[in-house]
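**Q** below are the sequence and a predicted model for it; my questions follow.
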Amino acid sequence: MIPRKTTPQPALIAGLILLVLPALCLADQPTQPATTSASATKPSTIYVIGQELASVTHSQITLNNQPLKYEATAGALTLKDDAGKPRASFFYVAYCKEDSQGVVIDPASRPLTFLFNGGPGAAAVWLHLGAVGPMGIALDDAGNPPSPPYKLAPNPQTWLDLTDLVFIDPVGTGYSRAADANKADDFYGVEKDVSSVAEFIRLYTTRNGRWLSPKFLAGESYGTTRAAALSEHLLDRTGIELNGIVFMSTVLDFQTLSFGPGNRGNGLPYALCLPSYTATAWYHHKLDFALQQDLAKSLDQAQGWALNEYTTALAAGDNLQGEARAAVVKKLAAFTGLSPDCIDRHNLRIDPGVFRKNLLIGSRKIVGRFDSRLTGDAADAAADEAEYDPGFSGFYSAYTANINDYLRRSLKFETDLTYETLVGLGSWNFDNGGHGFLDVAQSLRGAMLKNPRMKVFFASGYFDLATPYLGTDYTLSHMELPAELRANVSRSFFPAGHMMYHEKTSHEKLKADVAAFMAAAMKPK
């Protein structure tokens, strides 16, 4: 999850980021429906914390009219201290492609991607069953929340034909736990988390003979924060050099998301949210006639005004008065669909909670944070901010029910532990070494300077109010990369929300974009 409001040392707010709930296609091809089959033996052991265990099954789906056979491993690895004492159990699910005879393909010839969601406090289930794994949650084409009884279906947009996959649940999520529950805080912080996940990656790589495999990371939301920090840590501490990183719904510089009374002088997040407000108002037909005609043109206008006149107006603070202030109010109302009175009352500073509550206030509806296309009834018509997130609440139980059933019945991993799909880790330490807002963009920059072959890909949804796309653009444009390294950065936009893969056409485009990105990242120079 990404905190809705942050301060220079942000406190965790329970919710999803799903770091774990268009532009032109690069290579969209029609995908044939997938079918699946599986075989396995039931394990004789029920997993408990501190035990190393791997349940191995073999399955196949039909992808593009061809069988895709794979080995799935649902397992737990134990991290130990220098004295050999267990520190934590890491739960993971790994998928390795098999040949036509059902034999795992030579690891040195297959790319390997480590994936995780965000929060912090989100398990990898969101990317696992939502976007990337061979099996996925069945949604309609628009990506609306499903109704129970929930079900899984073969995922025609799986990445398994491109790369082997390892879904990681960081400590405190999924079935991953600290060995000593009283020392869980040893893993709850930016650097602590990076260190433990990096150690898992090193250990998995070593035990599975994957040192020569091309390697990628993929993260969503706070998972992008983790991935950026990991890129330099893995290189410096373990010698693991990445071919590339896939960033979905990105936050690297937390100043771009730091709203709230303690940051009134920080006008940046208000300006960076504006084009996402414009996209949302366009979707709900709340813009005037001219802006309603062409979304791309309207977003260009909103972005240009946000980074110039609006930014200047916010910087002026109380010095902006009279006709000049009234002109800004009028323009902001035009780009957001909000009433001038609402904008005036909030002193030109509209955070996502206020926008979500007031855009459809006449119908007593609120719009989603993770997907602002989705709406729900306001719980309190008199409240000034949205009380819940319709872009998340309908998905949580579907992901939780499906992962619990899938792990036990299909992957044969038995345990009485609670699978923590999303948990609030309130003691998370966002400290940036006393240097203000957390900013891991500099870690990514360091990794790219040291490893100039590494490529990075950023995917954003237009209707994502948790990690607005202009915030990512702003961060990338301030990384001070040399011109030759800027060529290693690729960008893609989707007519969807935070979990852009929920919407069918965006899911297809994401797969095509990632396929092109990985091919380029592994191309010899």
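**A** Here it is on my side, so go on. Since the model is a prediction, treat every value here as computed from it, not as a measurement.

**Q** going forward, measure contacts and count neighbours with C-alpha atoms only.
**A** Will do.

**Q** domain parsing for this protein?
**A** What automatic domain parsing lists as the domains of the chain is 36-255+396-521, 264-391.

**Q** mean pLDDT and mean neighbour count added to those, as JSON lines?
**A** Shown next, in JSON lines, are the domains of the chain (pLDDT from 0 to 100; neighbours: other Cα atoms under 10 Å):
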{"stretch": "domain 36-255+396-521", "mean pLDDT": "94", "mean neighbour count": "20"}
{"stretch": "domain 264-391", "mean pLDDT": "96", "mean neighbour count": "19"}
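
**Q** thought Ala401 was touching Leu152?
**A** No. In this structure, Ala401 is not within contact of Leu152 by Cα atoms under 8 Å, at 10.2 Å.

**Q** where's Ala327, which helix or strand?
**A** Per DSSP states H and E: Ala327 is located in helix 322-336.

**Q** for that helix, packing partners?
**A** Other helices and strands packing on helix 322-336, by 3 or more Cα pairs under 8 Å, 6 or more residues apart in numbering; DSSP states H and E, are helix 268-283, helix 340-345.

**Q** out of these, the one nearest Ile366 is which?
**A** Checking these against Ile366 by Cα to Cα gives helix 268-283 as the closest, at 11.7 Å.

**Q** what does the following helix or strand past the closest one contact?
**A** Downstream of helix 268-283, the first helix or strand assigned by DSSP H and E is helix 289-292. Residues from elsewhere that reach helix 289-292, judged by Cα atoms under 8 Å, 6 or more residues apart in numbering: 282, 285-286, 297-298, 335.

**Q** ok, 7 Å please
**A** Identification of contacts with helix 289-292 by Cα atoms under 7 Å, 6 or more residues apart in numbering yields 282, 285, 298.

**Q** leaving out the residues flanking it, which one is nearest to the last one?
**A** In this case it means Ser298. Using Cα to Cα, 6 or more residues apart in numbering and skipping residues adjacent in sequence, the residue nearest Ser298 is Leu291, 5.4 Å away.

**Q** can you give me the helices for the stretch 351-500 of the chain?
**A** For the stretch 351-500 of the chain, applying DSSP state H, counting those that start in this stretch gives helices covering 352-358, 390-405, 441-450, 469-477, 483-486.

**Q** roughly how far is the longest one from the heart of the chain?
**A** In other words, helix 390-405. Relative to the chain's own centre, helix 390-405 is displaced by 16 Å; criterion: Cα atoms, centre = their mean, to the nearest Å.

**Q** run through who's touching it.
**A** 21, 125, 145, 150-152, 367-372, 374-376, 421.

**Q** now do 8 Å
**A** Outside helix 390-405, the residues within contact range by Cα under 8 Å, 6+ apart are 16, 21, 125-126, 129, 137, 145-148, 150-152, 366-376, 419, 421.

**Q** among the residues you listed, which are in strands?
**A** 137, 152, 366-367, 375-376 (DSSP state E).

**Q** among the residues you listed, which one sits closest to Thr472?
**A** Out of those, the member with the shortest distance to Thr472 (by Cα to Cα) is Val367, at 22.0 Å.

**Q** now do the helices in the stretch 1-150 of the chain.
**A** Using DSSP H, counting those that start in this stretch, the helices of the stretch 1-150 of the chain run over 125-127.

**Q** so where do the strands sit in it?
**A** 36-39, 53-63, 66-80, 86-97, 112-116, 135-137 (DSSP state E, counting those that start in this stretch).

**Q** quick check: which element contains the residue nearest in space to the middle of the chain?
**A** Nearest to the mean C-alpha position of the chain, counting by Cα atoms, centre = their mean, stands Glu220 at 1.8 Å. Using DSSP H and E, Glu220 sits within strand 215-221.

**Q** need the residues that contact that strand.
**A** Applying Cα under 8 Å, 6+ apart, the external contacts of strand 215-221 come out as 1-2, 17-20, 111-119, 127, 224, 226-227, 241-251, 467.

**Q** sheet partners, orientation included, of it?
**A** Next to strand 215-221 in the sheet, as set by DSSP bridges, lie strand 112-116 (parallel), strand 244-250 (parallel).

**Q** restricting to C-alpha, output that strand in PDB.
**A** The C-alpha trace of strand 215-221 is given here as PDB (Å, rounded to 0.1, in the frame of the first residue of the first chain):
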ATOM      1  CA  LYS A 215      17.700 -11.600 -13.900                       C
ATOM      2  CA  PHE A 216      14.800  -9.200 -13.500                       C
ATOM      3  CA  LEU A 217      12.800  -7.600 -10.700                       C
ATOM      4  CA  ALA A 218       9.200  -6.600 -11.000                       C
ATOM      5  CA  GLY A 219       7.400  -4.600  -8.300                       C
ATOM      6  CA  GLU A 220       4.100  -2.800  -7.900                       C
ATOM      7  CA  SER A 221       3.500   0.300  -5.800                       C
END
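
**Q** use 27 as the first number for this chain going forward.
**A** Sounds good: first residue 27 from here, last item strand 241-247.

**Q** C-terminal to it, what's the next element?
**A** Next along from strand 241-247, by DSSP H and E: helix 248-259.

**Q** from the chain's centre, how far out does that next one sit?
**A** Using Cα atoms, centre = their mean, the offset of helix 248-259 from its chain centre is 12 Å.

**Q** and for that helix, what are the contacting residues?
**A** Here helix 248-259 has contacts from 27-28, 43-46, 142-146, 216, 219-221, 224, 243-245, 267-268, 271, 273-278, 466-467, 469-470, 472-473, using Cα under 8 Å, 6+ apart.

**Q** and with 6 Å instead?
**A** Applying Cα atoms under 6 Å, 6 or more residues apart in numbering, the set of residues contacting helix 248-259 from outside is 45, 142-145, 220, 273, 276, 278, 466, 469-470, 473.

**Q** from those residues, which two are the most distant?
**A** Top of the distance list for the contacts of helix 248-259 (Cα to Cα): Gly145 and Ala473, 23.4 Å.

**Q** any idea what the residue nearest to the centre of the chain is bridged to?
**A** Here Glu246, judged by DSSP bridges, has bridge partners Met274.

**Q** what strand or helix carries Glu534?
**A** According to DSSP H and E, Glu534 maps onto helix 530-547.

**Q** report the angle between that helix and strand 270-276.
**A** Interaxial angle of helix 530-547 relative to strand 270-276 (axes from the mean of the first three to the mean of the last three Cα atoms, to 10 degrees): 150 degrees.

**Q** hang on, the earlier thing: in PDB, list the C-alpha atoms belonging to the helix holding Ala353.
**A** What follows is helix 348-362, C-alpha atoms only, in PDB (Å, rounded to 0.1, in the frame of the first residue of the first chain):
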ATOM      1  CA  GLY A 348      -7.900  38.900  -5.900                       C
ATOM      2  CA  GLU A 349      -8.300  38.300  -9.600                       C
ATOM      3  CA  ALA A 350      -5.200  36.200  -9.900                       C
ATOM      4  CA  ARG A 351      -6.400  33.800  -7.300                       C
ATOM      5  CA  ALA A 352      -9.900  33.700  -8.900                       C
ATOM      6  CA  ALA A 353      -8.400  32.800 -12.200                       C
ATOM      7  CA  VAL A 354      -6.600  29.900 -10.700                       C
ATOM      8  CA  VAL A 355      -9.800  28.700  -9.000                       C
ATOM      9  CA  LYS A 356     -11.600  28.800 -12.300                       C
ATOM     10  CA  LYS A 357      -9.000  26.900 -14.200                       C
ATOM     11  CA  LEU A 358      -8.600  24.300 -11.500                       C
ATOM     12  CA  ALA A 359     -12.400  23.800 -11.500                       C
ATOM     13  CA  ALA A 360     -12.300  23.300 -15.300                       C
ATOM     14  CA  PHE A 361      -9.600  20.600 -15.100                       C
ATOM     15  CA  THR A 362     -11.000  18.700 -12.100                       C
END
